[in-house]
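# Mind looking at a prediction? Sequence and model below.
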Amino acid sequence: QVHLVESGGGLVQAGGSLRLSCAASGRTFGSLNMGWFRQAPGKEREFVAAISWSGGSTWYVDSVKGRFTISRDNAKSTVYLQMNSLKPEDTAVYYCAGKDRLMSWTPTSRTAYDYWGHGTQVTVSS
């Protein structure tokens, strides 16, 4: 079993930055492909970014390309989401998710992940 804990959310003005962290325990972090998703009130949970187990490949939803950066530190068992130039439409609860790298994986699909954190709230004021 994998335990994921997100942190780093908060209230920020439009144009500001936040860095989210997701710490993993219970399994070798380097064996997991990781993703970030978000869910705004009244909307479905949507893909934001993903990173392969080695960090060699990344994926982003078009709306965050050039503003958000996903990265990971396998020695610290942590995945990060650096969010710059934040917009009010980025307001949501952000979740990290994990998937065993030996299993079939579609990075952008929320159904492809087996492990989820409880989320951290990001609020961007205009």
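Arrived safely.

# How about the residue nearest to the spatial centre of the chain: what's its closest non-neighbour residue?
For the chain, W36 is the residue whose C-alpha lies nearest the centre (CA atoms, centre = their mean; 2.1 Å). Using CB to CB, 6 or more residues apart in numbering and skipping the chain neighbours, the partner closest in space to W36 is V48 (4.4 Å). C-beta: built from backbone N, CA, C; applies to glycine.

# is it true that the one you found touches D62?
No - with contact defined as CB atoms under 8 Å, V48 does not reach D62; the gap is 10.9 Å.

# ok so, going back, for the residue nearest to the centre of the chain, pull up the helix or strand it's in.
strand 32-39 (DSSP states H and E).

# List phi and psi for the nearest residue to S63 once chain neighbours are set aside.
Spatial nearest neighbour of S63, chain neighbours left out: E89 (7.7 Å); criterion: CB to CB, 6+ apart. Here is the backbone geometry of E89 (degrees, to the nearest 10): phi -70, psi -10.

# E89: how many residues sit nearby?
11 (other CB atoms under 10 Å).

# Ok, F68 next?
That count, for F68 with other CB under 10 Å as the rule, works out to 20.

# who's it bridged to?
Counting by DSSP bridges, F68 is bridged to M83.

# Do I have it right that it meets F47?
No - taking contacts as CB under 8 Å, F68 lies outside contact range of F47: 11.7 Å.

# What's the end-to-end length of stretch 43-52?
27 Å (CA to CA, to the nearest Å).

# how far out from the middle of the chain is it?
Here stretch 43-52 is found 7 Å from its chain centre; the criterion is CA atoms, centre = their mean, to the nearest Å.

# Ok, stretch 114-123 next?
Worked out by CA atoms, centre = their mean, stretch 114-123 lies 8 Å from the chain centre.
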